[in-house]
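*Asks:* give me the fold of what follows.
(chains A, B, C and D)
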Number of protein chains: 2
Amino acid sequence: MPVTERFNNLDQAKQRKILAAAVEEFAEQGFMQASMNRLVHKLGIAKGSLFQYFGSKEGLFRFIFEHAVDLVRQSLRQVKRDTADADFFLRIRRSLAAGVAFIDRHPQVYQIYLKMIFQEKFPYRTEFLQQVHLFSAEYLTPLVEAGIERGELRADLDVATTVFLLDAVLDRFLQAYSVSFLDAGMGIYRAGEDQVKERIERVIEVLRQGLGSSEADPAPRSGADQKGSKRRHV
Amino acid sequence: MPVTERFNNLDQAKQRKILAAAVEEFAEQGFMQASMNRLVHKLGIAKGSLFQYFGSKEGLFRFIFEHAVDLVRQSLRQVKRDTADADFFLRIRRSLAAGVAFIDRHPQVYQIYLKMIFQEKFPYRTEFLQQVHLFSAEYLTPLVEAGIERGELRADLDVATTVFLLDAVLDRFLQAYSVSFLDAGMGIYRAGEDQVKERIERVIEVLRQGLGSSEADPAPRSGADQKGSKRRHV
DNA sequence: TCCTAGAATGACCACCTGGTCACTTTGCTG
DNA sequence: CAGCAAAGTGACCAGGTGGTCATTCTAGGA
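*Replies:* This is a model prediction of the structure:
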C-alpha cells in the first residue's frame, strides 16, 4: 500500500479540492517556498490530516508531480496521433498550438515545470529534466527524420541541430505565451486563439525559409574569426 | 548617504569577499531561500555587521543586482562595438560567443538571472525583465534592420518575428551551455571553447539557410488550415 | 596613558517552517 | 444503544528566518 491509501479513500470531490489547492501552492511558490501550513489553512482541514494522506511535503509533491507527468504524456501522445500524416511544418504548428492549449488547460502545471528547470532544489528535478529531454528527443527526432525523408526538409540538415533549434523555438514560444516580456514585443503573451495561431505561422514560416537572402549564400565560414587566435573578452 | 556607506568604508578585499559570498548564496538559493544567517556564518562576520552594511536582505540583493546589471550592460556595449561592421551572421555568432564567455566569467550572475525569470518573488523582477527586453530589443532590432538593408537577410523578413526567433535561439543556447539536459543531446552543456564555437556555427547556419527544402517551397499556405475559415498567413 | 567616536558583535525577538502524536470525533456493526 | 476501529484534529516541538540593539571592542588623538 502506498502512503496515499488514506487519501484515496476520500470522496472524489474532496480529493480534487485538495489536489487543486496543492497544485496552486506549488505553482505559485515552488517547492521549498510552498507552505504546508498555508495550504492546510486554504483548505480548512487539519494539518495532521494532510500528513496522514501524503506522509510529507515531498510525498504530496511526488503525487502531484506524477499526475502532471501523466497529463503531459497523454497530451503528447494525442498530438502525435492527430498529426501523424500531415506535412512537417503543419505538424510543428499543430504541436505548438497543442502546447498552448495545454497551458490554457493546466496553467499551474506549466508554472511548476518552468520553476523546476532553473530551481535546483526541486525533488526529482534531474530525473524530470532527463524525462523531458527524452520526450523531446522521442517526439521531435522522428518528426525531423520523416520530414527529411519526405523531402519537406533540406536533405543536408543535421538532425540533432535541427531538433535543438525546434526545441528552442517551441519552448520559448510557450514561455512567451505565459510569462510577460519574453515575446520580444511580438504579442504572444496571453494572446487570444486567433492571434496565437497567426504568430505561430509567422515564426514557423521564418524558420522554414531561413533568415539569409538567397544571394550571398555560400562560404559562410571564412572570416568567422578575424582576430585570429583565441578570444575571450566581453 | 546610501545605506551602504559603512560598507564602502571597508577595505577592498573585505568588500570583495562579502560580495562574492553573497552572490554565491543568491545564485545557489534564489532570493527567498537565501539565508542571511548562513551567509554570515560562511563569512565569519557578525550578523549585525551585515545588516549595518546593507540594511536588509533586499538591500543586499539590490546592491548585488545593480552590480550585475552593470556588468551585463558593459559586456553588451563591448560586443556591439567590437562587431560593428561585421556581416550579420558573424555578428550573431560573436554575440553568442560573448554570451558564453560572460557565463564563464560570471556563472553565478547568470544563475541569478535564470532564477529570476520564472521565480516570481524576486525583488525588482518585473523591472528587470523589462530591462532585459529592452536590451534585447535595442541590441537585436538594429542588427536585423542593418542585415536587411545590407542584403544579408531576406528583404521580406518581419523584424519583430526575426528578433523573437534570434532571442529564442541565443537564450536557449546559453541555457543549454549552463544547465544540463537542455541541449537536446547536441553537446553544448559545459562544452569546451572549440566545441562551443563549432556548435554555434552549426546552429546559426541552419537558422540562416532555413529548414525547408528549396523545392516544394512556395504555396506553403494551402492546406495549412484544414478546418477552413479564417487564415492570417505570414 | 586615557578618552571617546564609531564599528563590530551576538543574544534576543517574533514569527514561520515541516512534522508528530495524544486526544476527540465519526460512523459502522452487533 | 454500546463498543470500537478508523479518521480527523491542532497544540506542540525543534529548528529555522529576517531583523534589532545594548553592549563590547578598537583605533587614533590628546
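*Asks:* what is the burial count for A:Q195?
*Replies:* 14 (other Cβ atoms under 10 Å in any protein chain shown). (C-beta placed from N, C-alpha, C; glycine too.)
*Asks:* phi first, then psi, for it.
*Replies:* Per-residue torsions, A:Q195: phi -70, psi -40 (degrees, to the nearest 10).
*Asks:* ok, and the closest non-adjacent residue to it?
*Replies:* A:G187 (6.4 Å; Cβ to Cβ, 6 or more residues apart in numbering or on different chains).
*Asks:* so the one you found makes contact with A:V196?
*Replies:* No. At 9.4 Å, A:G187 does not count as touching A:V196 under the criterion of Cβ atoms under 8 Å.
*Asks:* neighbour count winner among the two?
*Replies:* Legend: neighbour count by other Cβ under 10 Å for A:G187 and A:V196, higher for A:V196 (20 against 16).
*Asks:* give me the pLDDT value at that one.
*Replies:* Note on A:V196: pLDDT of 98.
*Asks:* pretty sure A:Y177 is touching A:M186, no?
*Replies:* No. A:Y177 lies out of contact with A:M186 (Cβ under 8 Å); the separation is 11.2 Å.
*Asks:* do stretch A:34-50 and DNA strand D meet?
*Replies:* Yes. Using Cβ under 7 Å from any atom of the strand, stretch A:34-50 reaches DNA strand D at A:45-49.
*Asks:* list the helices and strands the helix-or-strand element of chain A with minimal mean pLDDT packs on?
*Replies:* Least confident helix or strand, chain A: helix A:5-8 with a mean of 90, by mean pLDDT, DSSP states H and E. With contacts taken as 3 or more Cβ pairs under 8 Å, 6 or more residues apart in numbering or on different chains; DSSP states H and E, helix A:5-8 sits against helix A:12-33, helix A:47-54.
*Asks:* could I get the contacting residues of A:Q52?
*Replies:* Counting by Cβ atoms under 8 Å, 6 or more residues apart in numbering or on different chains, A:Q52 touches A:R6.
*Asks:* and if you look at A:I204?
*Replies:* Applying Cβ under 8 Å, 6+ apart, the residues contacting A:I204 are A:89, A:92-93, A:96.
*Asks:* in the strand or helix carrying A:E127, which residues are buried?
*Replies:* Using DSSP states H and E, A:E127 sits within helix A:125-149. Residues of helix A:125-149 classed as buried by neighbour count (16 or more other Cβ atoms under 10 Å in any protein chain shown): A:125, A:128-129, A:132-133, A:136, A:139-141, A:143-144, A:146-148.
*Asks:* list the backbone torsions phi and psi for A:L153.
*Replies:* Torsion angles, degrees, to the nearest 10, at A:L153: phi -110, psi 160.
*Asks:* what is the neighbour count of it?
*Replies:* Residues near A:L153, counting by other Cβ under 10 Å, number 24.
*Asks:* so what sits opposite it in the bridge?
*Replies:* A:L153 forms beta bridges with B:G212, as assigned by DSSP bridges.
*Asks:* what does chain A put close to DNA strand D?
*Replies:* A:6, A:9-10, A:45-49, A:51-52.
*Asks:* quick one: which of the helices and strands packed on helix A:5-8 is nearest A:V203?
*Replies:* helix A:12-33 (26.5 Å; Cβ to Cβ).
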